[in-house]
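Asker: Fold the following.
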Amino acid sequence: MTKRQSPTPANDVDMAPADGASNSKKAKVGHEHAYPQDIYTIESDFLKNSKFEILYMASRARAEVPRYILEYVGANYTSKTPLNWPAGKKKTPFGVLPILTHRKPNGDELEIPETGSFVRYLARLFGLDGDTLEEQVTVDVFYQASADNILSTCLQELWFKPDPKDKDTINACFEKLMPFFDGFEKYLVKNGCNGYVIKDKTTYADFDIYDWMNHFYETYPDNMNKIVSATVRPGLHKLYTRLNSHPRIRAYIDGGRWEHRPSVPLLSMYSAGINVTDYEKSLEFYTKKVGLTCVLNVAPPGFGEKERYLELTTEKDGSGTKFTIYCPGTSLEKFQEKYKIPNTPAVAFNVADVKEAHDRLVKNGVVFSMPPANMPWGSMALFDDPDGNKISLTNTGNFEE
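Answerer: Numbers count the residues shown, from 1 in each chain. Below is the predicted model of the structure:
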């Protein structure tokens, strides 16, 4: 154990290495980018019993990096928005947000304005900085370059332009960003291209560039895929995929931890489909005449003779929204009676968990005509839209031919 001075002179805090936290490496995770996973454990009572609050508008922006840090370490924190900001400005040190408040176990409070200042405070508190002066300045340079240069470039070259959605404007902005991404990559390559800025240790610098890449992948995926991939700037790609697959970061991004980043029950539109009486005739029509590609043609377990389920797409590799063909075999009425489906849905949305999505939508006032139920292909539930259309929530299992 090392003894370090706490931020307030009145409290000397005994902390494990890295300020009371263990940043240990565990076995590889079950993910396509299976880099060693950071498993961070808070070990000191001081940090375990500390509470943090981030005050900011209902936005990611300048408060997202400190949120990532607090999520990563597993700290006890809340993210709040001001109820009356014009009046509340007078109560803040400089009249601007965000502000971090650290409520210590002894009741003392430390209020810190300015994002960069409290990001570094959290880094020192939780040991997410370099161990030597040279490592610390490397981390600081990486963080500052990301926080300042990418933001200023996007402001000047994109967001302040007459049409920020113009394709040529977006492409020109990414051309201006290239030198910075090259600079970040040089630091990562110098460290062994392992996805870390220093050694194999997560630092606060990782989160700012990750936040930018996450935003770019969400908003400008075509541009981002060209400048960062497994073969183009692989160091940045490893840093991104490492944090993007981290359980705590992933859970935060998926939503539900903060009211202004709510969880999204619908992951994607899975399919739109029709019912037919002769699947062989339909298959021939849609593949040979219409030109679709059949990616699934099965008799699901439990179905009777000639009952069939098919999925077709416009993409040769089978990606994209599926066009489904249901063939109930004997009759649609018997099919509906067998599975207690009042009306076969024409549209299905893909969800991670049917019951969880069902429960969340019910709270929002959505009326379900069929509650979550296990089906031969997985699980599903049906809800009604205002016009009585049946929409399906679906989580598909694996079919066997």
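
Asker: In what element of secondary structure is the residue nearest the centre of the chain found?
Answerer: The structure's the chain has its C-alpha centroid closest to residue 253; by C-alpha atoms, centre = their mean the separation is 3.3 Å. Here residue 253 sits within helix 247-254, counting by DSSP states H and E.

Asker: same for that helix, what does it pack against?
Answerer: Using 3 or more C-beta pairs under 8 Å, 6 or more residues apart in numbering; DSSP states H and E, the elements in contact with helix 247-254 are helix 64-73, helix 234-244. Glycine gets a C-beta too; all of them are placed from N, C-alpha and C.

Asker: And the residue nearest to the centre of the chain, what's its pLDDT?
Answerer: We have a pLDDT of 83 for residue 253.

Asker: my guess is it meets residue 214, correct?
Answerer: Yes. Using C-beta atoms under 8 Å, residue 253 makes contact with residue 214 at a distance of 7.3 Å.

Asker: overlap in contacts of these two?
Answerer: residue 244 (C-beta atoms under 8 Å, 6 or more residues apart in numbering).

Asker: which helices and strands does the host helix or strand of residue 360 pack with?
Answerer: Residue 360 is part of helix 354-363 when elements are defined by DSSP H and E. Contact here means 3+ C-beta pairs under 8 Å, 6+ apart; on that basis helix 354-363 packs against strand 368-375, strand 378-384, strand 390-396.

Asker: nearest to residue 274, of those strands?
Answerer: strand 390-396 (13.5 Å; C-beta to C-beta).

Asker: Can I get that closest one as CSV, trimmed to CA atoms?
Answerer: The C-alpha trace of strand 390-396 is given here as CSV (Å, rounded to 0.1, in the frame of the first residue of the first chain):
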residue,chain,number,x,y,z
LYS,A,390,-49.6,-5.6,-35.5
ILE,A,391,-45.9,-4.9,-35.0
SER,A,392,-43.6,-7.6,-33.7
LEU,A,393,-40.7,-7.4,-31.2
THR,A,394,-38.4,-10.3,-32.2
ASN,A,395,-35.4,-12.0,-30.8
THR,A,396,-34.5,-14.8,-33.2
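
Asker: what is the orientation angle of it with strand 368-375?
Answerer: Relative orientation of strand 390-396 versus strand 368-375 (axes from the mean of the first three to the mean of the last three C-alpha atoms, to 10 degrees): 20 degrees.

Asker: Pull the distance from strand 390-396 to the chain's centre.
Answerer: Relative to its parent chain, strand 390-396 has a centroid offset of 22 Å by C-alpha atoms, centre = their mean, to the nearest Å.

Asker: How about stretch 77-89?
Answerer: For stretch 77-89, the distance to the chain centre is 25 Å (C-alpha atoms, centre = their mean).

Asker: Show me what counts as buried in it.
Answerer: 77, 79, 81-82 (16 or more other C-beta atoms under 10 Å).

Asker: now swap in stretch 212-230 and tell me
Answerer: Neighbour-count burial for stretch 212-230 flags 212-216, 220, 223-224, 227-228 (criterion: 16+ other C-beta under 10 Å).

Asker: so residue 198 makes contact with residue 192?
Answerer: No. Residue 198 sits out of contact with residue 192 when judged by C-beta under 8 Å, with a separation of 10.2 Å.

Asker: More neighbours: these two, which one.
Answerer: residue 198 (22 against 11; other C-beta atoms under 10 Å).

Asker: Leaving out chain neighbours, which residue sits closest to the more buried one?
Answerer: residue 135 (4.8 Å; C-beta to C-beta, 6 or more residues apart in numbering).

Asker: contacts for the longest helix seen in the chain?
Answerer: Secondary structure of the chain per DSSP state H: the longest helix is helix 167-190. By C-beta under 8 Å, 6+ apart, the residues outside helix 167-190 that reach it are 138, 141-142, 145-146, 149-150, 153-154, 157-158, 161, 163-164, 194-197, 209, 220, 223, 226-228, 233, 235-236, 238-239.
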